[in-house]
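Colleague: One predicted model, sequence on top.
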Amino acid sequence: MQRISIICVGKLKEKYLREAVSEYSKRLQTMCRFEIIEVDEEKINDNPNETQIEKILTSEGKRILSKISSDTFVTAMCIEGKQKSSEQLAKLFADNGVKGISSMAFVIGGSWGLSDEVKNRADLRVSMSEMTFPHQLARVMLCEQIYRAFSINSGTKYHK
């Protein structure tokens, strides 16, 4: 059974978002070993300069990288990544399974994104959309897409 992790910066603040993630997490438990790993978000003033932002990205990046083992296939969720369809994501899971890759991690950065170190560690960079979404909603959307991908691969009726 594949181990799928979402490594993300910060905690979900809204109850409805926590409930949505909890529901998809529960559904995924029958399909994979699913976990969400939260790392602390750096505190910053409302108008940071580039040096402060770089320091935040580096600090958060170190915490993210400490959660990733060397044999994990890493997908960085970032705006410069390529967009994938649900079917393409399902194929990624299936192909990695065939290759013997049993551990995959999806990384969602903080409000300033991901450090270059995290992006360079990634095996794949994926963008959810050209649209901008709230950071916390991205976690729910990614959980749903992981569930959908496993549903596609198992042939359930969830994906039509």
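Modeller: Here it is on my side, so go on.
Colleague: give me the low-pLDDT residue ranges for the protein?
Modeller: Along the chain, segments meeting pLDDT under 70 span 160.
Colleague: ok, which stretches of it are strands?
Modeller: Taking DSSP state E as the criterion, the chain carries its strands at 3-9, 33-39, 73-82, 103-108, 124-126.
Colleague: mind checking which of those strands is nearest residue 56?
Modeller: strand 3-9 (9.5 Å; Cβ to Cβ). Where C-beta positions appear, they are placed from N, C-alpha and C, glycine not excepted.
Colleague: would a markdown table of the strands of the chain with distance to residue 136 be doable?
Modeller: Output for these, formatted as a markdown table (distance: least, Cβ to Cβ, whole Å):
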| stretch | distance to residue 136 |
| --- | --- |
| strand 3-9 | 9 |
| strand 33-39 | 11 |
| strand 73-82 | 13 |
| strand 103-108 | 9 |
| strand 124-126 | 18 |
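Colleague: Figure out which of the ones you listed is closest to residue 137.
Modeller: strand 103-108 (10.6 Å).
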